[in-house]
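**Student:** model this:
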Amino acid sequence: MSATLDIDFVRGQFPAFAEAPLQGQAFFENAGGSFTCAPVIDRLTRFYRQRKVQPYAPYEASTLAGEEMDEARMRLAAIMGIQPDELSFGPSTTQNTYVLARAFAQWMQPGDAIIVTNQDHEANSGPWRRLADEGFEVREWCIDPETGSLNPEDLEELLDDRVRLVCFPHCSNVVGEVNPVVEITALAHTAGAFVCVDGVSYAPHGIPDVGALGPDIYLFSAYKTYGPHQGIMAIRRTLGMMLPNQGHYFNEGSLYKRFTPAGPDHAQVAACAGMADYIDALADHHGITGNAAARGAGVHDLMRRHETTLLQPLLDYLKSRNSVRLLGPETAANRAPTVAVRLDRPGEEVARDLAAHGIMAGGGDFYAARALQAMGIDPAHGVLRLSFTHYTSEAEMAQLLGALDDVL
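**Tutor:** You can find the predicted model right below:
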């Protein structure tokens, strides 16, 4: 098994790198949405050309359409270490979270509480916070204002027998620190609470083994994980069948349909199997063997090693600049390559200057206004965010550092 990611092989799986309009452009806003891998594009194109009929009927085009949708769910579930019916699709992670919040609102009793954080992206935090309008208690697990970190000891002080759910991110989209999901989940479960993890900012850096991590709900977005615009949700069967059905009444007995009020996007669901194709291709190329979860874990580790190697020089550069406030950890080992910095000038303004150097980056609050405010940063001023993933090359990192020299 190779311990080093073959970056040329990886980039060969992404058509964007061969497109003329993108030549000379280095993409550093992957936290907002990734490039799409070729297997996803191929499957989506084939579905629209050959399978664009109502699925699951007895004629061939329909049968194949249904089989491809089922394939996506089964293969991704296997990589994530869960049962096939514990994985469902929705139009976005925001929509999936909103539907879950409605189910919890119907299930919880007066006096019940939930815990959210101010490290979260608003898409995960907002739907849960709205439950306060319906009489439920919403408790906030607050970050350290200097580091942006979540301290599990602070969570312990918030937990009691009234808490039904603890919601937190696997990693923040501005702080970048990877939170200890296993430890936090164990604390919540010991107190009798369920756990919902927002994995949107983590999954692009290696789809996690949710079965091993242990949360009851895990959410992420396919369009940030080399796939189509779908939200992917894992929910444990025990919890999923306990919560009130949010789908059509006749789908109440099907776990993966209970939290999909509208019909699924057939083509995009089917195309999500291309994400599994890509992971399999990386595993095969690098000699990673075993079952789907083991192969997924091996690919995850390959991606993380490559990203960590590229990330540390960027962190070292930024922390050496007096005019830059780096958010989150200064070492690459325990953070995702999502790097937000507070500068003298507004983040959006600096991002525009970087664009003239062929750097595609973003500026603003990134729906993380609560986290920025907690760290003393005006969301209107915002931050510059430089985010990448495993398909980023050393040459692109050098291009970024050269552009930062000119702009800063």
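
**Student:** how long is stretch 194-212 end to end?
**Tutor:** One end of stretch 194-212 sits 16 Å from the other (Cα to Cα, to the nearest Å).

**Student:** repeat for stretch 171-191
**Tutor:** 23 Å.

**Student:** what about that stretch, distance to the chain center?
**Tutor:** 14 Å (Cα atoms, centre = their mean, to the nearest Å).

**Student:** what mean pLDDT does the strand of greatest length in the chain have?
**Tutor:** The strand that spans the most residues within the chain, counting by DSSP state E, is strand 163-169. The average of the pLDDT scores along strand 163-169 is 98.

**Student:** before we move on, what about stretch 9-18?
**Tutor:** 98.

**Student:** ends of it, what's the gap?
**Tutor:** Using Cα to Cα, the two ends of stretch 9-18 sit 13 Å apart.

**Student:** quick one: it to chain centroid distance?
**Tutor:** 21 Å.

**Student:** give me the contact list for the longest strand of the chain.
**Tutor:** If you take Cβ atoms under 8 Å, 6 or more residues apart in numbering as the criterion, strand 163-169 is touched by 104, 108, 112-117, 119-121, 124-125, 128, 139, 141, 150, 155, 159, 179, 184, 188, 191-202. C-betas here are computed from N, CA, C, even on glycine.

**Student:** again with stretch 55-75
**Tutor:** Contact with stretch 55-75 is made by 43, 47, 50-54, 84, 87-89, 256, 264, 266, 269-273, 275-276, 292, as judged by Cβ under 8 Å, 6+ apart.

**Student:** run the last query once more with 10 Å
**Tutor:** 43, 46-47, 50-54, 83-89, 222, 227-228, 230, 232, 256, 264-277, 279-280, 292, 296 (Cβ atoms under 10 Å, 6 or more residues apart in numbering).

**Student:** buried residues, it. List them.
**Tutor:** Of all the residues in stretch 55-75, those buried under the rule 16 or more other Cβ atoms under 10 Å are Pro55, Leu64, Ala65, Gly66, Glu68, Met69, Asp70, Glu71, Ala72, Arg73, Met74, Arg75.

**Student:** how far out from the middle of the chain is that stretch?
**Tutor:** Relative to the centre of its chain, stretch 55-75 is centred 26 Å away, using Cα atoms, centre = their mean.

**Student:** and stretch 140-148, by the same measure?
**Tutor:** That offset, for stretch 140-148, works out to 21 Å (Cα atoms, centre = their mean).

**Student:** quick one, strands of the stretch 51-200 of the chain?
**Tutor:** With DSSP state E, counting those that start in this stretch as the criterion, the stretch 51-200 of the chain has strands at 87-90, 113-117, 137-141, 163-169, 194-198.

**Student:** could I get those in TSV, plus columns for distance to Ala31 and mean neighbour count?
**Tutor:** Listed next are the strands of the stretch 51-200 of the chain as TSV, based on distance: least, Cβ to Cβ, whole Å; neighbours: other Cβ atoms under 10 Å:
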stretch	distance to Ala31	mean neighbour count
strand 87-90	20	24
strand 113-117	18	24
strand 137-141	22	17
strand 163-169	12	25
strand 194-198	13	26
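
**Student:** and those: which comes nearest Tyr317?
**Tutor:** Taking Cβ to Cβ, strand 163-169 is the member of the strands of the stretch 51-200 of the chain nearest to Tyr317, at 25.8 Å.

**Student:** and the angle for that closest one with strand 194-198?
**Tutor:** 20 degrees (axes from the mean of the first three to the mean of the last three Cα atoms, to 10 degrees).

**Student:** so what's Asn291 up against?
**Tutor:** So Asn291 contacts Ala78, Ile79, Gly81, Ala297 (Cβ under 10 Å, 6+ apart).

**Student:** who's in contact with the closest residue to His357 other than its chain neighbours?
**Tutor:** Closest residue in space to His357, ignoring its immediate chain neighbours: Ala403 at 3.6 Å, by Cβ to Cβ, 6 or more residues apart in numbering. By Cβ under 10 Å, 6+ apart, Ala403 lies in contact with Ala26, Phe28, Asp353, Leu354, Ala355, Ala356, His357, Gly358, Ile359, Ala361.

**Student:** one more pass at 8 Å, please.
**Tutor:** Counting by Cβ under 8 Å, 6+ apart, Ala403 touches Leu354, His357, Gly358, Ile359.

**Student:** out of the residues you listed, which is nearest to Ala368?
**Tutor:** In terms of Cβ to Cβ, no member of these lies closer to Ala368 than Leu354, at 20.0 Å.

**Student:** in the helix or strand where that closest one lies, what counts as buried?
**Tutor:** Here Leu354, judged by DSSP states H and E, is contained in helix 347-355. Neighbour counts over helix 347-355 (16+ other Cβ under 10 Å) mark Gly347, Val350, Ala351, Asp353, Leu354 as buried.

**Student:** so can I have TSV of the buried residues of stretch 55-75 showing distance to Thr4?
**Tutor:** Compiled in TSV, the buried residues of stretch 55-75 are given as follows (distance: Cβ to Cβ, whole Å):
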residue	distance to Thr4
Pro55	41
Leu64	38
Ala65	39
Gly66	40
Glu68	33
Met69	36
Asp70	35
Glu71	31
Ala72	30
Arg73	32
Met74	31
Arg75	26
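
**Student:** returning to what we had before: parallel or antiparallel, which strands does the longest strand of the chain pair with?
**Tutor:** strand 113-117 (parallel), strand 194-198 (parallel) (DSSP bridges).

**Student:** nearest residue to Leu404 in space, please, no chain neighbours.
**Tutor:** Tyr317 (7.0 Å).

**Student:** how near is that neighbour to Thr308?
**Tutor:** Counting by Cβ to Cβ, to the nearest Å, the gap from Tyr317 to Thr308 is 15 Å.

**Student:** with Ser34 instead?
**Tutor:** Counting by Cβ to Cβ, the separation of Ser34 from Thr308 is 18 Å.
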